[in-house]
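Need the 3D shape of this:
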Amino acid sequence: MAAQLQFEDLQSMVQALGPEEALGNLKVPELRDCCKRFGLRHQGAKLDLLGRLGEHLMASEAQRAAAAGKDAQAAAVRAAAAKEAPAAKAAAATETPAASAQGKKRGRPPSKPASGKAAKVVEDSGAAAADDVPPVPAPGRSSQASTPPAPVAEEPSASVPALTVVFIAASANPAIPVEKLAEATRAEGSARTAKMLLALRVPELQHYCVGLGVPAKGSKLELVDSILSRLHALWSEAAPAAPEAAPAPEPGPAAAAERADTPEPVVEVASAPEPTGAPAPEPGPAPAAAERAD
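Numbers count the residues shown, from 1 in each chain. From the prediction side, this is the model:
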């Protein structure tokens, strides 16, 4: 099977341009390959294949989540019914001996337990009653969350004719201007670039592949996929880099001279008194002792 475009690229093309305009240039074998890849039925005419692919690609993530939620609720109901079925059987088994005993007292023959088709009818009725229980909505979800957003119609860009001129000039000129082509397609985006590439013929796409340096072999969708991958790489290379922080400016000669002329403050430190060489005088006798001596 030939390699196909990515699901996101096809989905963006169909949502922006519509199924007939986005996929109308593909041939029936290519449409069938797409249907096989996405698990869809690939039988029918071209219009049937277009409608089938369009419905599959237009389906949003919200619709898929809602469908998954409904499937989960149905599985929960079936599990609850499966749990209640043994309890119903046990209750019927306990009621059967009591009914047979009452029948013996009244002279009636004991009733036989239901078997075969009758038991199956009882089980089916219990399962149907369980299926009639309304599903409990999941907490935290609202009706607005399950409603898919309406597709917004994309306005045609004013530079589409210029992009067409670039494509035609590049296919007619042996030297493909890669830089100019990458700049023009980057402004248009993936959806319109893929649309323009699908409108070209296989020899023109091979001419692009040679100029862009990618393999020029394969089907039309393989060539378009190779060109888009190369253009994505050129777009990422042409993206502007984040500006670096500017270093702090160094002080000029005037500021350095001003710091040199400013005198530094002088801090005075108090010094301890130096010791002298004279001995300290001894204390004299008390006055009262001198008078008694006289």
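
C-alpha from now on. contacts and neighbour counts both.
Noted.

From Pro215, how far out is the closest residue to Gly54 other than its chain neighbours?
Nearest residue to Gly54 in three dimensions, chain neighbours excluded: Pro19, at 5.0 Å (C-alpha to C-alpha, 6 or more residues apart in numbering). As judged by C-alpha to C-alpha, to the nearest Å, Pro19 and Pro215 stand 29 Å apart.

And Arg41, by the same measure?
32 Å.

State the number of residues packed around the closest residue to Lys220 other than its chain neighbours.
Using C-alpha to C-alpha, 6+ apart and skipping residues adjacent in sequence, the residue nearest Lys220 is Val202, 5.9 Å away. Val202: 19 surrounding residues under other C-alpha atoms under 10 Å.

Might one say that Val202 is in contact with Gly218?
No: if you go by C-alpha atoms under 8 Å, Val202 and Gly218 don't touch, sitting 9.5 Å apart.

Between Pro19 and Pro215, point out the one with more neighbours.
A side-by-side neighbour count of Pro19 and Pro215, using other C-alpha under 10 Å, places Pro19 first with 21 against 14.

where are the low-confidence patches of the chain?
1-7, 60-65, 67-68, 85-88, 91-179, 239-294 (pLDDT under 70).

care to break it down by domain?
What automatic domain parsing lists as the domains of the chain is 7-58, 72-107+119-135, 160-237.

so is Lys195 in a helix, a strand, or just coil?
Assigned by DSSP: H, G, I helix; E, B strand; the rest coil, the conformation of Lys195 is helix.

What's the local residue count around the nearest residue to it once chain neighbours are set aside?
Counting by C-alpha to C-alpha, 6+ apart, Lys195 lies nearest to Ala22, which is 6.4 Å off, once chain neighbours are set aside. By other C-alpha under 10 Å, the residues close to Ala22 number 25.

so which strand or helix has Ala22?
Here Ala22, judged by DSSP states H and E, is contained in helix 19-23.

From the contact counts, what lies against that helix?
Counting contacts by 3 or more C-alpha pairs under 8 Å, 6 or more residues apart in numbering; DSSP states H and E, helix 19-23 packs against helix 7-17, helix 46-58.

Quickly note the distance from the residue nearest to Lys220 to Leu223.
To Leu223, Val202 is 8 Å away according to C-alpha to C-alpha.

How about Ala75?
Relative to Leu223, Ala75 is positioned 44 Å away (C-alpha to C-alpha).

Please apply the same query to Ser190.
15 Å.

more neighbours, the two?
Leu223 (25 against 18).

Contact partners for the more buried one?
Going by C-alpha atoms under 8 Å, 6 or more residues apart in numbering, Leu223 touches Leu205, Gln206, Cys209, Ala216, Lys217.

And the buried ones among those residues, selectable in ChimeraX?
In ChimeraX, this line selects whichever of the contacts of Leu223 come out buried by 16 or more other C-alpha atoms under 10 Å:
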select :205,206,209,216
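
And the contacts of Leu223, which is closest to Leu234?
Cys209 (13.8 Å; C-alpha to C-alpha).

That closest one: what's it in contact with?
Under the criterion of C-alpha under 8 Å, 6+ apart, the neighbours of Cys209 are Pro215, Ala216, Leu223, Ser226, Ile227.
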